[in-house]
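> This is a predicted model, with the sequence first.
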Amino acid sequence: MEAKIYNQKGKEAGVISLPTKVFSAKWRADLVHQVVEGMRSNKRAGTADTKDRGEVRGGGKKPWKQKGTGRARHGSTRSPIWVGGGVTHGPLAEKNYKRKISKKMRAQALFSVLSKKLKDEEIIFVDSLSLAATKTKDAVEVMNNLSKASGLKPLANSKKPRVLVALFDRNEKTEKSFRNLPQLELVFLKNINPLDVLKYKYLLIENPVESTKFLESRGA
């Protein structure tokens, strides 16, 4: 399996042979769902907490006598049906939302998502995104060139984050220039995961030769 590599001017800079294990994996919706939901669950802080009737203040004295008032019987203002009373079956901070996701599951889910993205023509390979200076204007020009070459207008025109850019190495000038574009979200390839890839419509991978080698090593 091969794919085109573009340069910053939107011209074809070569062809890359993609590893079958990474970009020709079978679509496994069950595995992807399990991994993505596990990752979302692991992000939960678990700090939401409510007080039951045994924890709220007040309620030590019976509001009124049991009989003779014409009103309903009550024994405490801590009751959940009273304003300021306890909460029934509310969230507790002691609940643990952590889920275990093995490295193999995470890698296979990522390969499944990448393979589907490639099949749907939603992955673009760029030889380099390094810029000589920190200029948003230069970043805009690069994205315009790539959008014309690939035919994907959202790369340049979208006002919402629709493109995930996977950088291979740290580059301060590149990061500062591209992070101002509303249609992009920057991430380092070593941190790429199924949740991030699915969140965005398109994926732009820098330095595809080294990037594909790294991705293939994750499934070892």
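Great, that's in hand. Numbering: from 1, shown residues only.

> and the helix or strand harbouring residue 114, what's its mean pLDDT?
Assessed by DSSP states H and E, residue 114 sits inside helix 103-119. Per-region confidence: helix 103-119 scores 95 on mean pLDDT.

> So which residues make contact with it?
Residues from elsewhere that reach helix 103-119 (C-beta atoms under 8 Å, 6 or more residues apart in numbering): 3, 18, 21-28, 31-32, 34-36, 123, 192-194, 197-198, 203, 215, 218-219. For every residue, glycine as well, the C-beta is placed using N, CA and C.

> now the strands: where do they sit in the protein?
2-6, 12-17, 123-126, 163-167, 184-188, 202-206 (DSSP state E).

> returning to that earlier point: report the angle between the axes of the helix holding residue 114 and strand 163-167?
Computed by axes from the mean of the first three to the mean of the last three C-alpha atoms, to 10 degrees, the angle separating helix 103-119 from strand 163-167 equals 120 degrees.

> for this protein, what are the low-confidence residue spans?
219-220 (pLDDT under 70).

> Which stretches in it count as helices?
Counting by DSSP state H, the chain has helices at residues 20-23, 29-42, 103-119, 136-150, 154-157, 172-178, 194-199, 208-218.

> any residues touching the first one, and which ones?
Residues lying outside helix 20-23 but in contact with it, judged by C-beta under 8 Å, 6+ apart, are 1, 111, 114-115, 118, 212, 215-216, 219.

> in it, what's buried?
21-23 (16 or more other C-beta atoms under 10 Å).

> and that helix, how far from the chain's centre?
Counting by C-alpha atoms, centre = their mean, to the nearest Å, helix 20-23 is centred 22 Å from the centre of its parent chain.

> Could I have the CA atoms of that helix written out in CSV?
Backbone C-alpha positions of helix 20-23 (Å, rounded to 0.1, in the frame of the first residue of the first chain) are rendered in CSV as follows:
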residue,chain,number,x,y,z
THR,A,20,0.1,-3.1,6.4
LYS,A,21,-0.2,-3.7,10.1
VAL,A,22,-0.9,0.0,10.8
PHE,A,23,-2.9,1.2,7.8
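
> quick one: residue 12 and residue 2 touch, right?
No - in this structure residue 12 lies outside contact range of residue 2 using C-beta atoms under 8 Å: 12.0 Å.

> ok, back up a step: ok now the helix holding residue 114, how far from the chain's centre?
14 Å.

> and if you look at stretch 25-45?
Relative to the chain's own centre, stretch 25-45 is displaced by 11 Å; criterion: C-alpha atoms, centre = their mean.

> Show residues contacting it.
97-101, 105-106, 108-109, 111-116, 193-195, 198.
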